[in-house]
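**Student:** fold the following, please.
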Amino acid sequence: MRIVYDRHIPFLAETVTQGWPEVEIVALEPEEITPTVVRYADALVIRTRTQVDEKLLAGSQVQVVCTATIGYDHIDTAWCDTHHIDWTNCPGCNAQAVCDYIEEAIEGQPSGLVMGVIGVGHVGSLVAKMAERRGMHVLLNDPPKHIGVPLAQIARQADIITFHTPLDETTYHLCNEAFLASTKPQALIINAARGGVVDEQALLASHRPYILDTWEGEPKLNEQVLQQAQLASMHIAGYSVEGKKNATEHCLCKISQHFGLPILSIDKKVVSLQAESGDNSPGWLKRVSDTLKQHPHDFEQLRKQYKLR
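**Tutor:** Numbering: from 1, shown residues only. Here you go, the predicted structure:
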């Protein structure tokens, strides 16, 4: 049996080598995961940088696709379902890390403000509790679930609006020209969900302050959008040791269930070796933002080199 995986997914190699010695593992850069390479793979473990569709999988023996991410719009799930390829994402794996990112992003904002949280899944729920703890009044809306107060009310009343939805046909450009025109002139817009949830050109034209972790067309950035951001980062809001561990364990669990292999747990000693390797001191997001703005063409390299918080 062979697993092809994105080499930037931590803890996988050590765990599989120790727990499934009969399984071959092939570690590759995202751009190296090609139809030729996956043709004889049984399982694929990837991140958002790998587009999984007919072009990649047709004619392969892949039975399981796991993305070690919350988002899964890079997987053609309909094609996989039609061709009986099992797939999974990792909902909630890095929810606390994203919540911590939002808290750092709004550091210094006074209590008493109104925060609109759009998308009330694993991440949005934690963000709402964090905001309430900080003395903010929270308005919730979840477009896919059709729950919460109307988006129009959030636009009118919120001082901070943060997006935590998946990206699909219902949420693409959810934050658009009309929505932004209804917001307060100084409403802070935050997107740590998926790039296409926010219309960047409309955001730029609105002159609202904004903080972006996810981008349309990433890793290629609109430099004007980048430079005008209050804070900017390279899709690393969910990058924490705990989040990565949770995602890798979830992917390995899916593979074990599909192929009848023993369930594996990641060794805590292995995790501890990476713990606290990244910058987590106050002001860390500002430092990340400054670096990205100074090196806008190094988005992907900076992301790869980012040390887990």
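**Student:** now whichever strand or helix holds Cys66: buried residues?
**Tutor:** Following DSSP states H and E, one finds Cys66 within strand 64-67. For strand 64-67, the neighbour count (16 or more other Cβ atoms under 10 Å) marks Val64, Val65, Cys66, Thr67 as buried. Where C-beta positions appear, they are placed from N, C-alpha and C, glycine not excepted.
**Student:** beta partners for the first one?
**Tutor:** On the basis of DSSP bridges, Val64 takes part in beta bridges with Ala43, Asp86.
**Student:** so where do the helices sit in this protein?
**Tutor:** Using DSSP state H, the helices found in the chain span residues 12-19, 35-38, 54-57, 77-82, 95-105, 122-133, 151-157, 177-181, 200-206, 223-228, 241-259, 268-274, 284-294, 299-305.
**Student:** will you turn these into CSV that also has mean pLDDT and mean neighbour count?
**Tutor:** Formatted as CSV, the helices of the chain follow (pLDDT from 0 to 100; neighbours: other Cβ atoms under 10 Å):
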stretch, mean pLDDT, mean neighbour count
helix 12-19, 95, 17
helix 35-38, 97, 16
helix 54-57, 98, 17
helix 77-82, 98, 13
helix 95-105, 96, 22
helix 122-133, 97, 20
helix 151-157, 97, 17
helix 177-181, 98, 16
helix 200-206, 98, 18
helix 223-228, 98, 14
helix 241-259, 96, 21
helix 268-274, 76, 12
helix 284-294, 97, 16
helix 299-305, 93, 15
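**Student:** same list, these, but as CSV with distance to Gly112 please.
**Tutor:** Below are these laid out as CSV (distance: least, Cβ to Cβ, whole Å):
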stretch, distance to Gly112
helix 12-19, 45
helix 35-38, 53
helix 54-57, 50
helix 77-82, 42
helix 95-105, 17
helix 122-133, 11
helix 151-157, 13
helix 177-181, 23
helix 200-206, 24
helix 223-228, 27
helix 241-259, 31
helix 268-274, 39
helix 284-294, 23
helix 299-305, 35
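**Student:** show me the one of those that comes nearest Lys145.
**Tutor:** Lys145 sits nearest to helix 122-133 of all the helices of the chain, at 10.5 Å, using Cβ to Cβ.
**Student:** check which helices and strands that closest one is in contact with.
**Tutor:** Applying 3 or more Cβ pairs under 8 Å, 6 or more residues apart in numbering; DSSP states H and E, one finds that helix 122-133 makes contact with helix 95-105, strand 114-118, strand 137-142.
**Student:** from Asn141, how far out is Pro150?
**Tutor:** Distance from Pro150 to Asn141, counting by Cβ to Cβ, to the nearest Å: 7 Å.
**Student:** thinking again about what came up before, what's the closest of the helices of the chain to Phe163?
**Tutor:** Closest among the helices of the chain, using Cβ to Cβ: helix 122-133, at 8.8 Å.
**Student:** mind checking which of the helices of the chain is nearest Val45?
**Tutor:** Nearest to Val45, of all the helices of the chain, is helix 241-259, at 5.0 Å by Cβ to Cβ.
**Student:** ok so, going back, neighbour count: Pro150 and Asn141, which is higher?
**Tutor:** Neighbour count, other Cβ atoms under 10 Å: between Pro150 and Asn141, Asn141 has more, with 24 against 10.
**Student:** measure the more buried one to His235 for me?
**Tutor:** From Asn141 to His235 the distance is 23 Å (Cβ to Cβ).
**Student:** now do Asp290
**Tutor:** Per Cβ to Cβ, Asp290 is found 17 Å from His235.
**Student:** how about Val127, what does it touch?
**Tutor:** Val127 makes contact with Val98, Cys99, Ile102, Met115, Val117, Thr162, His164, according to Cβ atoms under 8 Å, 6 or more residues apart in numbering.
**Student:** of these, which is the nearest to Ala192?
**Tutor:** Comparing the contacts of Val127 against Ala192 with Cβ to Cβ places Val98 closest, at 5.5 Å.
**Student:** how is the chain partitioned into domains?
**Tutor:** What automatic domain parsing lists as the domains of the chain is 2-93+240-274, 95-238+280-305.
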